[in-house]
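Undergrad: From the sequence below, what's the structure:
(2 chains)
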There are 2 protein chains.
Amino acid sequence: MKAEIIAVGTELLLGQIVNTNAQAISQKLAELGIDVYFQTVVGDNAGRLRQAIEIGRGRADLLLFTGGLGPTQDDLTKDVLAQYLGRKLIIHEPSMAVIEEMFSARGMAMVESNRRQAHMIEGSEPLHNSTGLAVGNALEADGTLYVLLPGPPREMKPMLEGPAQDWLRSMLGEEVPLFSRLLKFAGIGESNLEAKLMDLIEGQDDPTIAPYAKEGEVSIRVSTKARTSEEADGKIDATVEGIKERIGEHLYAQEDIPIEEEIVRLLRSSRRRLASAESCSGGLFAELITNVPGSSGEFAGGVVTYTNVMKNKLLGIPMSQLEGKDAPGAISESTAAMMAENVRLLSDADFGVSLTGVAGPAESEGKPVGLVYFAVAERGKDTIVYTAKLSGGRSIIRLRAVKAALYRLWLALKA
Amino acid sequence: MKAEIIAVGTELLLGQIVNTNAQAISQKLAELGIDVYFQTVVGDNAGRLRQAIEIGRGRADLLLFTGGLGPTQDDLTKDVLAQYLGRKLIIHEPSMAVIEEMFSARGMAMVESNRRQAHMIEGSEPLHNSTGLAVGNALEADGTLYVLLPGPPREMKPMLEGPAQDWLRSMLGEEVPLFSRLLKFAGIGESNLEAKLMDLIEGQDDPTIAPYAKEGEVSIRVSTKARTSEEADGKIDATVEGIKERIGEHLYAQEDIPIEEEIVRLLRSSRRRLASAESCSGGLFAELITNVPGSSGEFAGGVVTYTNVMKNKLLGIPMSQLEGKDAPGAISESTAAMMAENVRLLSDADFGVSLTGVAGPAESEGKPVGLVYFAVAERGKDTIVYTAKLSGGRSIIRLRAVKAALYRLWLALKA
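TA: As a prediction, the model looks like this:
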């Protein structure tokens, strides 16, 4: 099945917002085994929207719309499609009841235009909107499938994951469904990962193996068609085993979570706690860890010691270590080790992680931009210091440094 | 002039990446006074790309392509457009020289396909790529303008800002150019801002006033057509004065920078320094400040004290303040004040900023999710504590809390 995604909204054409919906919908359709051949963005204009429908119908079996279901006169998607198909708009009574109730609960007078959000194209299936007022629509007409979703991502996504996906699966009918699993990797780059899996990738047939990369992390989606999830799991497990044999020491999760979430889980299950001491990364390490919901039990705390005085006052690192002609300096292996050890002791945590280096824009202490030392101190073990020479701009270096430290911490945790 | 943006790349249709280029190009074209009527995404497929060109040519005066200029056989944009226009591909010698030099400098053998990046459609203008190897193209054929930019944003953006914009301006010819200025606001939400500027927005004609909102910040673009930048500045200044009269205490910059960058500037110009003590925001405040290049001179350091023990050990807050039946507790106005004051004293900084509250997922100390206390301590002044009741998920609450604290710090800095 060939699909086209049509996003409706002048705000997209003005560049006021980025079309993240197209990405989310594309991923979902790929998962369902539906090929997306085009994505189109058109403004809130009846003539041009009709033109986009006409072109889309000629080249796709499924037109999936997002946007233009709201209450204003600019929200035209249902109107234009109904007119194009020669169908009437009718009221979806359950949605209408929700809208009326909402207005009465807030003691607000309902404006006539709010009724528009309960509109349905005659003969379509309603798609329930669990986070908003505009009901979605799905229908088949003359061999083409049409799915209408709202524009705001927090309304669109639940509808896509729920009723829209269900409806599409029912329309795919006898086709064997696609199952997939996401594998998440750390401490390895995309090209290195691909090189190590070359034989698997080249020989792939079923399951398929698709690597994805974004800044600081690599993942692989393993997909297969199967009649049951047990059958799929069996096939995917076998492929994952092959991947593990080659790069198992980098595979930290078989679901879509960041490595810091897996770290918090490992800390929690082993009842251990973490503390951090950062210089060049400026709090990013602590920020990522504490962004994991419920991490307060596993994260004792952290310090961001930009200056030598703060390294001395907060962490007790001697000034003679940091300054002076023959001192190792703040950006050194021995300072990284002391920072990790001292923050661990100070907070009575099981692990202390430190980062010190040069994120740029200029060199520091005569050390080049991109040089980062980081250390993992563990209760009862020798502290290990790592050195990284990273490239990229300031933000990228900080992110890469923190990701590298998270990877080493993860290795220590599962050891 | 009507334009269509055509992004070429199968990775977009698979949802592997989000089409941020379409947004950046749309904004630039809006700034130039060019109307974008459609955005199209098509895969690395000659037939479908040709089809997209054909459709685009029928409905736009300018087709702006991004993607498909790289060295691989999948990179088809120049080939397909040249064929469509019945023109030859020629080599742009200066680009070829750069490619050859790069390979020889790295001691690598040049693969034939790398020559493709120096291709130009006969009769086109080369657009210099300052951050990559693929040269851009710009041409006019049968009344339609074509601009070809690379796909990677770090190559596309400088080309768009530089040679592509220059070429488009020259093609717009006698048209009066559009000038615009971005105003950045803090401490005010979109609807409140719009309400306070309602009369200006409704009465707008020239300059125009367009508000934009994204999580945690609001901005306004003021635009006007003028023959010279002086003339434009005069008209824009007058509009900005009207905006300042209404919401001047929220306007922190007249250029596209985050508030933390303005804060670092104000600290630098007044030779003052900042320190932070965070609990619920987990290092995000420090992270944003230290992400400003060169901020190390203005940021003394910070602590992330998640636990009471750390608040006691690092910041010297008495345990009797934090725990016990009648203690105010960690999440309290008085603890927020102590955190800000103590981190300021500890680091001998001029400002101390603290955040303590409940980011969720669950309530804490019997305080509800979203309740955040934050304080600004300033050398020689009374410490001020603020209370915020924020909504949203954990990440949103953290971001909103930090943005609120940054706003109050900015107010203190410019007082």
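
Undergrad: List the residues that contact the residue of the stretch 101-250 of chain A found nearest chain B.
TA: Nearest to chain B in the stretch 101-250 of chain A, going by CB to the nearest CB, is residue A:212, at a distance of 5.5 Å. (C-beta placed from N, C-alpha, C; glycine too.) Applying CB atoms under 8 Å, 6 or more residues apart in numbering or on different chains, one finds that residue A:212 lies in contact with A:218, A:219, A:220, A:221, B:16.

Undergrad: Which per-residue confidence value corresponds to it?
TA: For residue A:212, the pLDDT comes out at 74.

Undergrad: The helix or strand of chain A with the lowest mean pLDDT: partners in the sheet, and parallel or antiparallel?
TA: Least confident element among the helices and strands of chain A, by mean pLDDT, DSSP states H and E: strand A:208-214 (a mean of 78). Applying DSSP bridges, strand A:208-214 is found paired with strand A:217-225 (antiparallel).

Undergrad: hey, what's the residue of the stretch 101-250 of chain A closest to chain B bridged with?
TA: residue A:219.

Undergrad: Residue A:65 now?
TA: residue A:6, residue A:148.

Undergrad: and it, how many neighbours?
TA: Look at residue A:65: counted by other CB atoms under 10 Å in any protein chain shown, it has 30 neighbours.

Undergrad: ok, now which ones touch it?
TA: A:5, A:6, A:7, A:8, A:77, A:81, A:146, A:147, A:148, A:149.

Undergrad: can you put the residues you listed in CSV and add pLDDT, distance to residue A:404 and neighbour count?
TA: CSV is the format used below for the contacts of residue A:65 (pLDDT from 0 to 100; distance: CB to CB, whole Å; neighbours: other CB atoms under 10 Å in any protein chain shown):
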residue, pLDDT, distance to residue A:404, neighbour count
A:5, 98, 37, 30
A:6, 98, 42, 26
A:7, 98, 37, 25
A:8, 96, 43, 26
A:77, 97, 46, 30
A:81, 97, 50, 25
A:146, 97, 48, 23
A:147, 98, 43, 27
A:148, 98, 45, 29
A:149, 98, 39, 29
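
Undergrad: Flag every residue of the stretch 251-400 of chain A that's near chain B.
TA: A:275-276, A:278, A:281-287, A:289-291, A:293-296, A:299-307, A:309-310, A:313-314, A:346-348, A:360-362, A:364, A:394-395, A:398 (CB under 8 Å from any CB of the partner chain).

Undergrad: Just the buried ones from those, in PyMOL syntax?
TA: In PyMOL, a selection of the buried entries from these looks like this (16 or more other CB atoms under 10 Å in any protein chain shown):
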select buried, chain A and resi 275+276+278+281+282+283+284+285+286+287+289+290+291+295+296+299+300+301+302+303+304+305+306+307+309+310+313+314+346+347+360+364+394+398
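
Undergrad: Mark which of the residues of the stretch 251-400 of chain A next to chain B are part of strands, please.
TA: Among those, the ones falling in strands (DSSP state E) are A:275, A:276, A:278, A:299, A:300, A:301, A:302, A:303, A:304, A:305.

Undergrad: residues in contact with the second one?
TA: Looking back up the chat, that one is residue A:276. A:285-286, A:289, A:299, A:301-303, A:343, A:352-355, B:304 are the contacts of residue A:276 under CB under 8 Å, 6+ apart.

Undergrad: Can you give me the end-to-end span of stretch A:54-68?
TA: Using CA to CA, to the nearest Å, one end of stretch A:54-68 lies 17 Å from the other.

Undergrad: Could you check the pLDDT of residue A:306?
TA: Per the predicted model, pLDDT is 87 at residue A:306.

Undergrad: measure it to residue B:271 for me?
TA: 16 Å (CB to CB, to the nearest Å).

Undergrad: Walk me through which strands the host helix or strand of residue A:386 pairs with, and which way each runs.
TA: Assessed by DSSP states H and E, residue A:386 sits inside strand A:384-389. Sheet pairing here is set by DSSP bridges, and for strand A:384-389 it gives strand A:371-378 (antiparallel).

Undergrad: ok, and what's touching the strand it pairs with?
TA: Under CB under 8 Å, 6+ apart, the answer for strand A:371-378 is A:280, A:331-333, A:335-337, A:339-341, A:344, A:350-359, A:383-390, A:397, A:401, A:404-405, A:408-409, A:412.

Undergrad: So which bits of the strand holding residue A:386 are buried?
TA: Buried, per 16+ other CB under 10 Å, within strand A:384-389: A:385, A:386, A:388.

Undergrad: Please apply the same query to stretch A:123-134.
TA: Buried-residue list, stretch A:123-134, by 16+ other CB under 10 Å: A:124, A:125, A:126, A:127, A:129, A:132, A:133, A:134.

Undergrad: what do you get for stretch A:190-209?
TA: Buried, per 16+ other CB under 10 Å, within stretch A:190-209: A:193, A:194, A:197, A:200, A:201, A:207, A:209.

Undergrad: number of nearby residues for the nearest residue to residue A:211 once chain neighbours are set aside?
TA: Excluding its sequence neighbours, the residue lying closest to residue A:211 (CB to CB, 6 or more residues apart in numbering or on different chains) is residue A:220, at 5.1 Å. Neighbour count of residue A:220, defined by other CB under 10 Å: 23.

Undergrad: I am finished for the moment; much appreciated.
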